[in-house]
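K.L.:
sequence and predicted model, in that order:
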Amino acid sequence: MNITNTHPFRMNDSRSFFKTSPLIHCITNEVTCESMANALLYVNSKPIMAMDQREFTQLFQQTDGLLLNLGHLSVEREQQLISASEFALKFNIPTVVDVVGVSASSIRKDVALTLLKNRPTVVKGNTSEMRKLCGLLSHGRGVDGNQSDQEKTSLIELAEKLNEWTQKYPATSFLATGETDVIVTKDNSIFLSNGVPELDQITGTGDIVGALITSLLAQNYSVQDSLVGAVTYFNVCGEKAKKTCGNQFGMADFRHQLFNELSVMHDKENWWHQVKGE
């Protein structure tokens with residue numbers, strides 16, 4: 001396993017970030033649908049939340065990126081997810097699969113493994129979900145990760161296992177989110193440590209990261225730069241939001257400021273130099 005020892009992000013000017021307005025097709029859960037759509041709009045992307053399979057033939061001729069989210073799974077939603085992944089493979093559309101809740105049921109894991117057969121660009125989830133997906137012991141419950149799965153030895157074990165999976169699924173890279181975010185591509189394993197605890201107290205933060213990754217992939221950034229860039233961008237937005245809110249604030253205030261930062265920080269220079277990790 002090759003763990004990168006250099007700065008894991010190669011952007012020359014962050015002002016070129018999120019500028020080409022790609023059309024991002026999202027099949028996601030209703031709880032966070034609006035947050036994801038707004039987050040994409042804030043970074044100059046165009047979201048469409050379309051799930052009717054009758055539209056797919058025409059829609060995938062326009063789509064620049066696809067985000068598939070396992071939240072609110074049903075028999076109908078499973079069919080929509082699989083059909084969309086097949087269209088994305090046919091039209092060579094970069095695809096991100098968010099394995100929400102695979103710790104909760106074997107049904108979700110089965111759906112995730114089926115989607116992996118259609119060669120998504122990225123598969124992501126929290127650390128507990130990703131451990132469950134690849135067959136490691138996971139302490140996740142429901143859609144929540146567990147702190148014990150964030151121990152250093154657990155993260156290294158997960159990175160090594162995901163590295164094996166890049167050989168099994170060579171078209172796919174992996175992201176496990178948490179206090180430390182783990183990125184595994186066929187070339188590198190990267191550990192990132194930006195962010196603030198308050199991000200875990202807002203629903204949909206992982207979904208938004210998935211949307212940001214999809215937007216960058218749709219703009220033809222490399223997989224590694226899309227992953228490192230999206231994760232760092234969102235986490236630094238969280239850091240700046242907390243700093244702006246001061247010492248005493250409610251979570252509604254923090255969430256409001258977080259979305260403000262999402263909408264403006266990509267126009268600021270040098271934010272990517274704040275990346276923490278190895």
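P.N.:
Arrived safely, thanks for sending.
K.L.:
every contact and neighbour count from this point should use C-alpha atoms.
P.N.:
OK.
K.L.:
residue boundaries of the helices in this structure?
P.N.:
33-42, 56-59, 75-91, 106-116, 127-133, 152-168, 205-218, 223-245, 251-264 (DSSP state H).
K.L.:
in a markdown table: those helices, plus distance to residue 183.
P.N.:
Formatted as a markdown table, the helices of the chain follow (distance: least, CA to CA, whole Å):
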| stretch | distance to residue 183 |
| --- | --- |
| helix 33-42 | 22 |
| helix 56-59 | 30 |
| helix 75-91 | 22 |
| helix 106-116 | 17 |
| helix 127-133 | 11 |
| helix 152-168 | 8 |
| helix 205-218 | 12 |
| helix 223-245 | 7 |
| helix 251-264 | 22 |
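K.L.:
so which of the ones you listed gets nearest residue 271?
P.N.:
Judged by CA to CA, the one of these that comes nearest to residue 271 is helix 223-245, at 7.7 Å.
K.L.:
which parts of that closest one are buried?
P.N.:
For helix 223-245, a neighbour-count test (16 or more other CA atoms under 10 Å) marks 223-242, 245 as buried.
K.L.:
what residues does that helix touch?
P.N.:
For helix 223-245, contacts defined as CA atoms under 8 Å, 6 or more residues apart in numbering pick out 8-11, 121-122, 173, 175, 181, 183, 185, 192, 194-196, 198-199, 209, 212-214, 216-217, 253-254, 257-258, 261-262, 265, 271-272, 274-275.
K.L.:
those residues, buried ones only, as a PyMOL selection?
P.N.:
Restricted to buried positions by 16+ other CA under 10 Å, the PyMOL selection for the contacts of helix 223-245 reads:
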select buried, resi 8+9+121+122+173+175+181+183+185+192+194+195+196+199+209+212+213+214+216+217+254+257+258+261+262+265+271+272+275
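K.L.:
out of the helices of the chain, the one nearest residue 22 is which?
P.N.:
Counting by CA to CA, residue 22 lies closest to helix 205-218 out of the helices of the chain; the figure is 6.2 Å.
K.L.:
and the angle for that closest one with helix 223-245?
P.N.:
Helix 205-218 runs at 130 degrees relative to helix 223-245, counting by axes from the mean of the first three to the mean of the last three CA atoms, to 10 degrees.
K.L.:
alpha carbons of helix 205-218, as PDB, please.
P.N.:
Extracted in PDB, the C-alpha atoms of helix 205-218 (Å, rounded to 0.1, in the frame of the first residue of the first chain):
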ATOM      1  CA  THR A 205     -23.200  16.500   5.400                       C
ATOM      2  CA  GLY A 206     -21.900  13.200   3.900                       C
ATOM      3  CA  ASP A 207     -24.500  13.500   1.100                       C
ATOM      4  CA  ILE A 208     -23.300  17.000   0.300                       C
ATOM      5  CA  VAL A 209     -19.700  15.800   0.100                       C
ATOM      6  CA  GLY A 210     -20.800  13.200  -2.400                       C
ATOM      7  CA  ALA A 211     -22.500  15.900  -4.400                       C
ATOM      8  CA  LEU A 212     -19.300  18.000  -4.400                       C
ATOM      9  CA  ILE A 213     -17.200  15.100  -5.500                       C
ATOM     10  CA  THR A 214     -19.600  14.400  -8.400                       C
ATOM     11  CA  SER A 215     -19.500  18.000  -9.500                       C
ATOM     12  CA  LEU A 216     -15.600  18.000  -9.600                       C
ATOM     13  CA  LEU A 217     -15.600  14.600 -11.500                       C
ATOM     14  CA  ALA A 218     -18.000  16.100 -14.000                       C
END
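K.L.:
for that helix, name the packing helices and strands.
P.N.:
strand 23-27, helix 33-42, strand 65-69, strand 95-98, strand 122-126, helix 223-245 (3 or more CA pairs under 8 Å, 6 or more residues apart in numbering; DSSP states H and E).
K.L.:
how about the helices of the chain in TSV, adding distance to residue 49 and mean pLDDT?
P.N.:
TSV is the format used below for these (distance: least, CA to CA, whole Å; pLDDT from 0 to 100):
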stretch	distance to residue 49	mean pLDDT
helix 33-42	8	94
helix 56-59	11	95
helix 75-91	12	96
helix 106-116	19	95
helix 127-133	24	91
helix 152-168	29	93
helix 205-218	12	96
helix 223-245	20	94
helix 251-264	20	94
